[in-house]
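1. got a sequence here, can you build the structure:
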Amino acid sequence: AGAMHGMQPPLPPGLVPPGALPGGPMPPLPPLPMLPGLGRPPPAMPPAGGKGGSATGGGDGGMPAEAQEQLARLREDYSKMTAAAEEATQNGDGDAAEFKKMLAGDIKDKIKELEEKYPQPAAPPEAPAPPMGMMMPPPPPGVLPPLPVGPGGILPPPPMPPPGVSIQEWQRMMMMYNPDFAVNVTQQQALEYDQQKARNNTLEPEIVELAHHFNLSDRHARMLDEQLKKRHNTFDDDIAAMYEILKGAKNPADLLMVSIRWMAEGIFNGIKTPNQDVEKVAKKYKLDAPSACKLAEVLETREDTYMDLKKICSHLERSNRPSALVMMMLKDLKNGLPVEESTKAPAIGSFLHREELDKQQKKSRSRKRGGRSRDRGRRSPSRRRNRSRSRNRSGGRGRSRSRHRERSRSR
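-> The predicted structure is shown next:
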């Protein structure tokens, strides 16, 4: 009984007596390191989004990142186009307002199509707030509370550093003691990058209207927008020039890429081509903007540009459709075939035909003027003689009449 009285009560199930482990009792765990002035860091939090979740929203039923970016751009373009339509209405330009409203309607249809293609999953119901009597107790003193998680698993902005501590040092300490802080900073940087990218990728309403007018792709529109933003104080003139250049072109996208390349090289000159010789030829033979630009582009790959252009002019001066002739010659010029000088007779309405007509008209005018002067010189002596004879005759008659009257009076 005494022995039974001296025995200790049995331990609860699951606990091991101190001497049962090999090596004696387990040493106590070291305390967690303390942040200066703040206490111990909280335990690591599980990543936002749950087990196997993703912050990009690309799971089942979600929208891919590319579609999200496209949807954001479309919404931005829709708001800009709507604002431009309202501005045109206020300025009294009804036609422009109707056209911009039509473009805004097309953009809205694209937005609706994307939203229907990638339906957003329904948000989970919010958990009801616990009653006042069941509020969680505050954390122990010296321990940081866990950072709250915002909607979508995005952490709030990081706290400000204490006085006397730099931001870099504060971030380094927070990343060292709290892994969730590193996730927070990374998410903040990614969010700022996405916002900056969205601002840079916003298209101007004029470029959206130009792309819709010529049925250009989104890639071409963004390339043009990127180049126009790099140019200084020439946006309106460049847009007007692009309308003139692409007007009547069979492949506007191809011609647009030529202009974009010239903008990147810094030699874009509006409706005028960078090649001065080609510009003189275009002005002389009245080439339209698409044919002049394509001719300037293809001559960049030729070895003897001067001789090629001279032989091309021999064809243009004999044609009554020089712009169409240039477009027909582009294929041979691109393939490197030699250009032969034209020996055909000038067509009616061609440059040489008009020059020949002008020469003939000048000759006929000079002949008429010379004939009139000669006739005047020849007719002047005869006119004088006739006048003198008429005067003599009239004078003789007058004298005879006066003599006859005097005789009758004397009688």
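
2. so where's the chain shaky on pLDDT?
-> Applying pLDDT under 70 to the chain flags the ranges 1-62, 121-162, 164-165, 167-168, 170-201, 370-411.

3. domain map for it?
-> Domain ranges of the chain: 66-117, 214-271, 280-287+295-375, per automatic domain parsing.

4. how about TSV for these, with mean neighbour count added?
-> Yep, even glycine has a C-beta here, placed from its N, CA and C like the rest. Formatted as TSV, those follow (neighbours: other CB atoms under 10 Å):
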stretch	mean neighbour count
domain 66-117	15
domain 214-271	15
domain 280-287+295-375	14
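
5. would you mind putting those into CSV with distance to residue 206 alongside?
-> What follows is the domains of the chain, written out as CSV (distance: least, CB to CB, whole Å):
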stretch, distance to residue 206
domain 66-117, 8
domain 214-271, 5
domain 280-287+295-375, 25
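
6. who wins for proximity to residue 202 among those?
-> domain 66-117 (5.0 Å; CB to CB).

7. and the closest one, how far apart are its ends?
-> Chord length of domain 66-117, first to last residue, is 13 Å (CA to CA, to the nearest Å).

8. just stretch 339-355 next, same as before
-> Start-to-end span of stretch 339-355 (CA to CA) is 24 Å.

9. identify all contacting residues around that stretch.
-> 284-285, 308, 311-312, 314-320, 322, 329, 332-333, 356 (CB atoms under 8 Å, 6 or more residues apart in numbering).

10. could you measure from the closest residue in space to residue 263 that isn't next to it in sequence over to residue 208?
-> What sits nearest to residue 263 in space, not counting adjacent residues and going by CB to CB, 6 or more residues apart in numbering, is residue 227, at 4.1 Å. Computed as CB to CB, to the nearest Å, the residue 227 to residue 208 distance reads 16 Å.

11. for residue 299, same thing?
-> In this view, residue 299 and residue 208 are 33 Å apart by CB to CB.

12. repeat for residue 100
-> In terms of CB to CB, residue 100 sits 9 Å off from residue 208.

13. which residues do the two both contact?
-> With CB under 8 Å, 6+ apart, residue 100 and residue 208 have common neighbours residue 81.

14. the helices in the stretch 301-411 of the chain, which residues?
-> For the stretch 301-411 of the chain, the helices defined by DSSP state H, counting those that start in this stretch occupy 305-316, 322-334, 351-410.

15. er, the stretch 151-300 of the chain actually
-> Under DSSP H, counting those that start in this stretch, the stretch 151-300 of the chain gives helices at 167-177, 179-200, 205-213, 218-230, 235-246, 252-265, 276-285, 289-299.

16. what's the closest non-adjacent residue to residue 290?
-> The shortest distance from residue 290 to any non-neighbouring residue, by CB to CB, 6+ apart, is to residue 249 (4.5 Å).

17. state the distance from that neighbour to residue 63.
-> Taking CB to CB, one finds residue 249 at 36 Å from residue 63.

18. with residue 263 instead?
-> With CB to CB as the criterion, residue 263 and residue 63 are 34 Å apart.

19. ditto for residue 73
-> 14 Å.

20. over to residue 255?
-> To residue 63, residue 255 is 35 Å away according to CB to CB.

21. repeat for residue 82
-> Taken as CB to CB, the span from residue 82 to residue 63 is 23 Å.

22. and for residue 305?
-> For residue 305, the distance to residue 63 - CB to CB - is 52 Å.

23. again with residue 90
-> Counting by CB to CB - residue 90 and residue 63 are separated by 36 Å.

24. likewise for residue 309?
-> Residue 309 is 54 Å from residue 63, by CB to CB.

25. give the next helix or strand downstream of the helix or strand where residue 76 lies.
-> If you go by DSSP states H and E, residue 76 is part of helix 65-90. Where DSSP H and E defines the elements, the next helix or strand beyond helix 65-90 is helix 94-117.

26. so what touches that following helix?
-> 63, 67, 70-71, 74-75, 77-78, 81-82, 84-86, 88-89, 205, 208-209, 212.

27. my guess is residue 287 contacts residue 296. True?
-> No. Using CB atoms under 8 Å, residue 287 is not in contact with residue 296, being 10.3 Å away.

28. wait, doesn't residue 308 sit right on residue 301?
-> No. In terms of CB under 8 Å, residue 308 does not count as a neighbour of residue 301; the distance is 10.5 Å.
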